[in-house]
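>>> please work out how this folds:
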Amino acid sequence: MQIKDIKIKLSSQDINQSVHELLNKYQFKLEDLLLSLNDDGLIVQFKYKVAITNIEFIIKLSNVYINNDDVSLDMKIIKPKVLSLINIGPLSNLLNNKLTHLGVRYNNGKVDIDLSQLLPSTPINNIDIKKIKIVNGYLEVEVSNFDMKINKTSKVKKRKV
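Sure, this is the predicted structure:
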């Protein structure tokens, strides 16, 4: 299915469901993963096991930069409050080693997402992102050249109009 221009409005629930589905597909587990939107950005909360203990992270992603197939977001670590090599090491390892095959990388306070690597793991063939912003608790994404695979075996719910 191809659509020339489209505006997508995602709630926190939509984002949570999409991220959980993607991580489950790759059997990647983050304990207590929760994503929420506020006017300042996307808040990501999770626990990540390091050795024998779980470290709780709260991260704020904001200020989206778009350049062709690359999306970059500023990343601020809210928790743990005391940043040390012990705490930042596991997070850097998670983003740079565990999620690299999905096109997600961490570099100098930014999370970079390479859509050309991420999209093959989703039903989307192609997408040109024009703008991303948060409006009234929703993530609004304006895209063009949206091309999505449609699974012929998937069931579509009929709605009464």
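
>>> any chance you could map the helices in this structure?
Taking DSSP state H as the test, the helices found in the chain are 12-25, 85-93, 115-118.

>>> dead centre of the chain: give me the residue that sits there.
residue 19 (6.2 Å; Cα atoms, centre = their mean).

>>> report the contact partners of the residue lying closest to that residue once chain neighbours are set aside.
Closest residue to residue 19 apart from its sequence neighbours, by Cβ to Cβ, 6 or more residues apart in numbering: residue 35 at 6.0 Å. C-betas here are computed from N, CA, C, even on glycine. Applying Cβ atoms under 8 Å, 6 or more residues apart in numbering, one finds that residue 35 lies in contact with 12, 15, 16, 19, 42, 43, 44, 45.

>>> who is residue 111 paired with across the strands?
Per DSSP bridges, residues listed as beta-bridge partners of residue 111: residue 73, residue 106.

>>> do you know how far it is from residue 8?
20 Å (Cβ to Cβ, to the nearest Å).

>>> now the longest strand seen in the chain - C-alpha only, CSV.
Longest strand in the chain, counting residues (DSSP state E): strand 53-67. Below are the C-alpha coordinates for strand 53-67, written out as CSV (Å, rounded to 0.1, in the frame of the first residue of the first chain):
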residue,chain,number,x,y,z
THR,A,53,21.2,-6.6,39.7
ASN,A,54,18.6,-4.6,37.7
ILE,A,55,19.4,-0.9,37.2
GLU,A,56,16.4,1.3,36.7
PHE,A,57,16.7,3.9,33.9
ILE,A,58,14.6,6.8,33.1
ILE,A,59,15.5,8.6,29.9
LYS,A,60,14.1,11.6,28.2
LEU,A,61,14.2,11.8,24.4
SER,A,62,13.6,15.2,22.8
ASN,A,63,14.5,17.6,19.9
VAL,A,64,14.1,15.4,16.9
TYR,A,65,16.5,16.0,14.0
ILE,A,66,15.8,14.4,10.6
ASN,A,67,18.3,13.9,7.8
